[in-house]
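>>> pasting the sequence and the predicted coordinates here, then a few questions.
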Amino acid sequence: MNKVVLDSFVFRKLFLQEPGHQDAIDLINELSQRNIKVLVASLFLYKVLSIAVASPFPVKNRLCINNAISIC
């Protein structure tokens, strides 16, 4: 199985409307379709949650991309 390491700054583009937003969605879709295992650093969750808290992203929203990722 192929593996990739996903950086938190790429992941944050999934829920922030900034340049690269659609590219991040396309990347996650591609990884899911190719059944590629995604690895993250140990601080990934902390970084993503820090970004989410500081962003205008409504916590009650849910982002689902090809059933690969679900943020509630």
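Thanks, I have the structure now. Only a predicted model underlies this, so the values are computations on that prediction, with no experimental measurement involved.

>>> surely residue 21 meets residue 12?
No: contact status for residue 21 versus residue 12: not in contact, 9.7 Å apart, counting by C-beta atoms under 8 Å. Where you see a C-beta, it was placed from the backbone N, CA and C, and this is true even at glycine.

>>> and these two? Which one has more around it.
Counting neighbours by other C-beta atoms under 10 Å for residue 21 and for residue 12 shows that residue 12 has the greater number, 20 against 14.

>>> my guess is that one meets residue 48, correct?
Yes: the criterion here is C-beta under 8 Å, and residue 12 meets it with residue 48 at 6.4 Å.

>>> isn't residue 1 up against residue 38?
No: if you go by C-beta under 8 Å, residue 1 and residue 38 don't touch, sitting 10.9 Å apart.

>>> which one's more surrounded, those two?
When residue 1 and residue 38 are compared for neighbours, residue 38 comes out ahead with 15 against 6, by other C-beta under 10 Å.

>>> still on that earlier bit, now the common contact residues for residue 21 and residue 12.
Listed as contacting both residue 21 and residue 12 by C-beta atoms under 8 Å, 6 or more residues apart in numbering is no residue at all.

>>> where is the longest helix in this protein?
helix 21-33 (DSSP state H).

>>> tell me which element the residue nearest the centre of the chain is part of?
The residue lying closest to the centre of the chain (C-alpha atoms, centre = their mean) is residue 11, at 3.1 Å. Residue 11 belongs to helix 8-12 when assigned by DSSP states H and E.

>>> try residue 38
Assigned by DSSP H and E, residue 38 falls within strand 37-39.

>>> report pLDDT for the nearest residue to residue 40 once chain neighbours are set aside.
In space, and not counting its chain neighbours, residue 40 is closest to residue 6: 5.5 Å by C-beta to C-beta, 6 or more residues apart in numbering. pLDDT, residue 6: 89.

>>> residue 23 too?
Looking at residue 23, its pLDDT reads 94.

>>> roughly how far does it sit from residue 54?
Using C-beta to C-beta, to the nearest Å, residue 23 is found at 22 Å from residue 54.
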